[in-house]
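A.B. asks: Predicted structure and sequence below. I'll ask about it afterward.
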Amino acid sequence: METSLHRQLKHHFAADSDSVEVTVDGFRIDAIDVAGNLIEIQHSGLGSIRNKVKVLLANGHRLRVVKPWIGCKWIETFDCEGGELLRRRKSPKKLQPIDIFRELIHFTQVFPHPKLTLEVLTVHCIEQRVDRVHRRWKRKQYQVLDQHLAKLCESDFLESVADLWRLLGDPKLPLEFDTRELSECIQQPRWFAQQIAYTLNRCKATETVGKRGNSIVYRKTSKRVRKKAA
């Protein structure tokens, strides 16, 4: 079921009302913006639209994948759908920009590409829920009714490998490094640094130069400034 948040974002990016939910090359596209870019708004994992993006790029389309990033979420719990508000609280969960690498690890077959822009859009939203009276095993204690946009915040545009290094804070790594050194440099757990290293390597931001014990040793590739496709 489409959320109000998704619908609001489609109309925000669309050039006009006729540019929402259009069919291109047999695919349903969320919107087309004023510059003619195809807009895909992806709340779930990027990996689920990887093949769709691959085909659209191969067909020569300019594509802008918008990944809404929840910077702040207010949770409203009702006694029933359309009923009385029981409580309202702010979610303690916060996503950091570096967390997008958890998504990018499944998107390396298409990113980077001259006609692809990945926009990480920070939003504030309101999530409406009802408590489940009879909860089944392993199911959540609540059911989400809808999500609404409360505020549009900043966007981070990822288009090249240079943007990936920027997202990591341009870490001062040795000329040749392994995931332990990457982990220490970016102050993240080693298991996450391993995911990041894999993503960087698949995106050709690094190259492998050997092994140090059981650890793969990487080196940054030469920086190249990529021009946007016309």
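C.D. replies: Good, I have the coordinates.
A.B. asks: quick one: the helices in this protein?
C.D. replies: 4-13, 50-58, 101-104, 161-167, 179-186, 190-202 (DSSP state H).
A.B. asks: Reformat these into TSV and put distance to K93 and mean neighbour count next to each item.
C.D. replies: Yep, even glycine has a C-beta here, placed from its N, CA and C like the rest. Formatted as TSV, the helices of the chain follow (distance: least, CB to CB, whole Å; neighbours: other CB atoms under 10 Å):
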stretch	distance to K93	mean neighbour count
helix 4-13	16	17
helix 50-58	26	17
helix 101-104	14	20
helix 161-167	20	18
helix 179-186	21	17
helix 190-202	17	18
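A.B. asks: what's the closest of those helices to L121?
C.D. replies: helix 4-13 (7.8 Å; CB to CB).
A.B. asks: And for the closest one, what's in contact with it?
C.D. replies: 17, 20-21, 30-31, 33, 39, 41, 43, 64, 66, 68, 121, 123, 125, 146-149, 152 (CB atoms under 8 Å, 6 or more residues apart in numbering).
A.B. asks: Mind checking which of those residues are buried?
C.D. replies: 20, 30-31, 39, 41, 64, 66, 68, 121, 123, 125, 146-147, 149 (16 or more other CB atoms under 10 Å).
A.B. asks: From the contacts of helix 4-13, which land in strands?
C.D. replies: 20-21, 30-31, 39, 41, 64, 66, 68, 121, 123, 125, 146-149, 152 (DSSP state E).
A.B. asks: how much space between the residue lying closest to P112 once chain neighbours are set aside and L118?
C.D. replies: Spatial nearest neighbour of P112, excluding adjacent residues (CB to CB, 6 or more residues apart in numbering): S160 at 5.3 Å. Using CB to CB, to the nearest Å, S160 is found at 10 Å from L118.
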